[in-house]
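Participant: Below are the sequence and a predicted model; questions follow.
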Amino acid sequence: MTATNPATSITLPDHTQLPESDGTFVSQSLAGVPPVVRTGAKNFQEHPQSILITESVKPVLQKRHPDGQYCIGQDSGIYWRITDPPERGAEAPDWFYVPNVPPTLNGQMRRSYVLWQEHIAPLIVLEFVSGDGSEERDKTPWKGKFWIYEQVIHPAFYGIYEVNKASVEMYHIIEEQYQLLPANERGHYPIAPLGVELGIWQGVYQNAELPWLRWWDLQGNLLLSGEERAEQESQRAELESQRAELERQRADRLTAQLRSLGVEPEF
């Protein structure tokens, strides 16, 4: 990885000086030159998929990081080398999580994640396949996504999710190389450092029934989205209300029976 050389006094750019992601990976317009598009537009499934895995894992991350020291990137650039134009030196995973870094830098939200500035690699990177999957598995040195993640960025876990195949491929880095992880008895992939599993869930989310990528705990319990947690709480409150109503009706019947026997109940 490129680093500052004291002898030449090179100053490397930070996240405020590098192009950012806005759904496609785009360079800033410089000296009247139009922005350069790095990748094509996203499909309608990818944005809700990112929201789903983010909001469902947040309670886990909040317990793991009570100080709030972590960040999540969604279709945001990870800069790994200096290039011209700069966006050629970045990958923009659909989703990634980095532990033990501040959520903001100098009071600003990150425009991108700059490895030579932050030094901590993501724990997990996820790519959502929209083509044939060859881009996500490309091992071409210095160009292919798979090679860059394995050899340079070094996320401990790399997942390739294909909604059209209802599948996820999970790799774990061992001795500097990605090894394909086997699924457990539930068909999930344990992410041990987080205490969770990743797998495919067939169901309805945001009005679409699809094989969604979801988290489970290590006991096999599905981690719920915010909407699902609210619905669960609503159902729990409704059951409690029904229980209280049944108890009130039982008490009313008992009172009526006692009074029919000439006994005034004491409360």
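Facilitator: Okay, I see it.
Participant: From now on I want contacts and neighbour counts done on CA atoms only, so please keep to that.
Facilitator: OK.
Participant: In terms of pLDDT, where does P141 sit?
Facilitator: With respect to pLDDT, P141 has a value of 97.
Participant: Apart from its chain neighbours, what residue comes closest to E162?
Facilitator: V129 (5.1 Å; Cα to Cα, 6 or more residues apart in numbering).
Participant: Please look at that neighbour and G159 and confirm they touch.
Facilitator: No - with contacts counted by Cα atoms under 8 Å, V129 stays clear of G159, the gap being 10.3 Å.
Participant: which residues does the closest residue to L224 other than its chain neighbours contact?
Facilitator: Closest residue to L224 apart from its sequence neighbours, by Cα to Cα, 6+ apart: S56 at 5.2 Å. By Cα atoms under 8 Å, 6 or more residues apart in numbering, the contact set of S56 is 215, 223-226.
Participant: One more: P48?
Facilitator: With contacts defined as Cα under 8 Å, 6+ apart, the neighbours of P48 are Q206.
Participant: Show me what counts as buried in whichever helix or strand it is part of.
Facilitator: Using DSSP states H and E, P48 falls within helix 46-64. Residues of helix 46-64 classed as buried: 46, 49-50, 52-54, 56-57, 61, 64 (neighbour count, 16 or more other Cα atoms under 10 Å).
Participant: Just list the residues touching the most centrally placed residue in the chain, thanks.
Facilitator: In the chain, the C-alpha nearest the mean C-alpha coordinate belongs to T54, at 4.2 Å (Cα atoms, centre = their mean). Contacts of T54 were listed using Cα under 8 Å, 6+ apart, and they are I72.
Participant: separation between it and W215?
Facilitator: T54 sits 10 Å away from W215, going by Cα to Cα, to the nearest Å.
Participant: Could you identify which of the contacts of S56 has the most neighbours?
Facilitator: W215 (27 neighbours; other Cα atoms under 10 Å).
Participant: I'd assumed L194 was in contact with that one.
Facilitator: No - W215 is not in contact with L194 according to Cα under 8 Å; the separation is 10.6 Å.
Participant: how near is H119 to W201?
Facilitator: On the measure of Cα to Cα, H119 and W201 end up 34 Å apart.
Participant: I misspoke; the intended subject was A183.
Facilitator: 14 Å.
Participant: how long is stretch 109-126 from one end to the other?
Facilitator: Using Cα to Cα, the end-to-end distance of stretch 109-126 comes to 21 Å.
Participant: swap that for stretch 196-214, please
Facilitator: End-to-end distance of stretch 196-214 (Cα to Cα): 10 Å.
Participant: got the buried residues for that stretch?
Facilitator: Neighbour-count burial for stretch 196-214, counted by 16+ other Cα under 10 Å, picks out 196-201, 205, 210-214.
Participant: Thanks a lot, see you next time.
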